[in-house]
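Participant: model this:
(one chain, ligands or ions: 2)
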Amino acid sequence: MKKIGILGGTFSPVHNGHLYIAKEAYQQLGLDELWFMPVGIPPHKQQEAAVTRYDRLAMCRQAIKEFPFAKVREDEIHSDGANYTYQTMEYLTKEYPEDSFYFILGEDSLRMFRSWMYPERIAARATIVAAVRSVRQEDRMEELKKLTEEYAAVYHGRFMLLDTSFKDISSTQIRKLLDRDELTEEEREYLLQALPEEVLSYIREHRLYETSYMDGIYEAVDDKEEILPGKRYKQLQKKLQKDLKPSRYQHTLGVAYTAASLAMRYGYPMESAYVAGLLHDCAKYMTPQELIKYCKKHDLPISESEYESPQLLHAKVGARKAKEDYGVTDPEILHAITYHTTGCPGMNLLDKIIFTADYIEPNRCEAPRLTEIRRTAFTKLDQAVSMILFDTLHYLKETGKSMDETTQRTYEYYKKEVTL
Ligand SMILES: [Fe+2]
Ligand SMILES: [Fe+2]
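Facilitator: Ligands and ions are numbered 1, 2, ... in the order given. Next comes the predicted model:
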């Protein structure tokens, strides 16, 4: 039986305050492990446009490098709806029935605990630990102690206070400073104190939190003018139309619109889905020789089945070109382009949207049971993905074409996920 602490949050960015709490909880509660659990789309906070969930995840990973007892869990990060704590705790206690959990929250959250969704279900599954600052203020401590006793009685659970007298660090303040062009000595010092070194270098390297850079996904197309989405699309389209032959360009528009519609249906940012759809085949005009040459030049690995059917390479080459020639920096868009042909096990929402849109867009007419797959795509996306993989593999087998190993693995994965 392990004692596991859970520290949830947006972690945008993760800072030394979080790490301090983690360390204190680990020591004071005698934990075996402490799990950082970044949320997917925060229900209440608006996410900064230029910082994706993968950035937040990557920063957490950087931050805990020196903390062997800490882990970063991805349970919530991939979810696109609200994750309520009671759901997470129910899931974790089911998954790890032997272990005991300590759910760590801040003082403000403790005061708000009554208004959380099903507080009694959380308290039934974890000890609630409130990390409290300024322990020297005795009145406040008394008041908080009383509050925890009251909660313990009402919710029949364990509540405790964690003594953490660390300096207040504010994510809002950090983000504000990161967006400044010039900093005073004092401000620079604040950032150095507030952020682990690796996290700060990650932020600088990826230019996170720089609002002027937020439009960066179109930067290579136009980095001077402030452009509206409609105009941005036109610029991307203009370049694509030059590269692709007319039928491929028509297909591209079909995928973009279908992806946008699926994004509306499943609550994904529509604009990103549209851009991913537009660019998914941006390398499709290249010959097999050109694709191989491009991969070699850019150090992109080529697998055996890709050597056998180099056309498969248009996906990863497309992702690289989207970044370099079209200025796309959003990793979710690039990931979706990379896997649009073969899929991959555990695809995220945008991956599935593009993978499916590519197959069902209105110009497609040859695949069997298209009507059924089209309808399913808008009701059960995972099932649609599974059907497409099944039909694709079946088609490849029948026509004696070579089967890509990733497609096979993806199919095995989704077969388990969905029973057809
Ligand atoms: Fe493609
Ligand atoms: Fe395509």
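
Participant: export whichever helix in the chain runs longest to PDB, keeping only CA atoms.
Facilitator: The helix that spans the most residues within the chain, counting by DSSP state H, is helix 246-266. What follows is helix 246-266, C-alpha atoms only, in PDB (Å, rounded to 0.1, in the frame of the first residue of the first chain):
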ATOM      1  CA  PRO A 246      -6.700  21.200 -58.400                       C
ATOM      2  CA  SER A 247      -8.300  17.900 -57.300                       C
ATOM      3  CA  ARG A 248      -6.000  17.600 -54.300                       C
ATOM      4  CA  TYR A 249      -6.700  21.200 -53.400                       C
ATOM      5  CA  GLN A 250     -10.500  20.500 -53.500                       C
ATOM      6  CA  HIS A 251      -9.900  17.600 -51.200                       C
ATOM      7  CA  THR A 252      -8.000  19.800 -48.900                       C
ATOM      8  CA  LEU A 253     -10.800  22.300 -48.600                       C
ATOM      9  CA  GLY A 254     -13.200  19.400 -48.000                       C
ATOM     10  CA  VAL A 255     -11.100  18.100 -45.100                       C
ATOM     11  CA  ALA A 256     -10.700  21.600 -43.700                       C
ATOM     12  CA  TYR A 257     -14.500  22.200 -43.600                       C
ATOM     13  CA  THR A 258     -15.300  18.700 -42.300                       C
ATOM     14  CA  ALA A 259     -12.600  19.000 -39.600                       C
ATOM     15  CA  ALA A 260     -14.100  22.400 -38.600                       C
ATOM     16  CA  SER A 261     -17.500  20.800 -38.400                       C
ATOM     17  CA  LEU A 262     -16.300  17.900 -36.300                       C
ATOM     18  CA  ALA A 263     -14.500  20.400 -34.100                       C
ATOM     19  CA  MET A 264     -17.800  22.300 -33.500                       C
ATOM     20  CA  ARG A 265     -19.400  19.000 -32.700                       C
ATOM     21  CA  TYR A 266     -16.800  17.800 -30.200                       C
END
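
Participant: just checking, what packs against that helix?
Facilitator: The criterion is 3 or more C-beta pairs under 8 Å, 6 or more residues apart in numbering; DSSP states H and E, and the helices and strands that helix 246-266 contacts are helix 229-243, helix 270-279, helix 349-360. For glycine as for every other residue, the C-beta is placed from the backbone atoms N, C-alpha and C.

Participant: which parts of the second one are buried?
Facilitator: In this case it means helix 270-279. 271-279 (16 or more other C-beta atoms under 10 Å).

Participant: can you tell me which of the residues you listed is nearest Leu195?
Facilitator: For Leu195, the closest of these turns out to be Ser272, at 27.3 Å, with distances computed as C-beta to C-beta.

Participant: which residues touch the closest one?
Facilitator: 263, 330, 332-333, 350 (C-beta atoms under 8 Å, 6 or more residues apart in numbering).

Participant: mind picking the two most distant members of those residues?
Facilitator: So for those, where distance means C-beta to C-beta, the most widely separated pair is Ala263 and Asp330, at 13.3 Å.

Participant: do you know the pLDDT at the nearest residue in space to Ile388 that is not next to it in sequence?
Facilitator: Spatial nearest neighbour of Ile388, chain neighbours left out: Tyr359 (4.9 Å); criterion: C-beta to C-beta, 6 or more residues apart in numbering. Looking at Tyr359, its pLDDT is 97.

Participant: any idea how many residues pack against Tyr359?
Facilitator: When neighbours are counted by other C-beta atoms under 10 Å, Tyr359 registers 23.

Participant: Glu95 now?
Facilitator: 9.

Participant: for ligand 2, see how far away it is.
Facilitator: Distance of Glu95 to ligand 2, computed by C-beta to the ion, to the nearest Å: 38 Å.

Participant: quick one on the thing from earlier: which of the contacts of Ser272 scores worst on pLDDT?
Facilitator: Scanning the contacts of Ser272 for pLDDT, the low point is Asp330. It has 87.

Participant: surely that one is in contact with Val51?
Facilitator: No - in this structure, Asp330 is not within contact of Val51 by C-beta atoms under 8 Å, at 10.4 Å.

Participant: the more surrounded of these two?
Facilitator: A count of neighbours by other C-beta under 10 Å puts Asp330 above the other of Asp330 and Val51, at 22 against 19.

Participant: quick check: phi and psi on that one?
Facilitator: phi -60, psi 110 (degrees, to the nearest 10).

Participant: equivalent analysis for Phe36, please.
Facilitator: According to degrees, to the nearest 10, the main-chain angles of Phe36 amount to phi -80, psi 130.

Participant: for the closest residue to ligand 2 within the stretch 201-350 of the chain, which residues are in contact?
Facilitator: Using C-beta to the ion, Asp281 is the residue of the stretch 201-350 of the chain that sits closest to ligand 2, at 4.3 Å. If a contact means C-beta under 8 Å, 6+ apart, then Asp281 has 244, 248, 251-252, 255, 314, 318, 340 as its contacts.

Participant: appreciated, that's everything.
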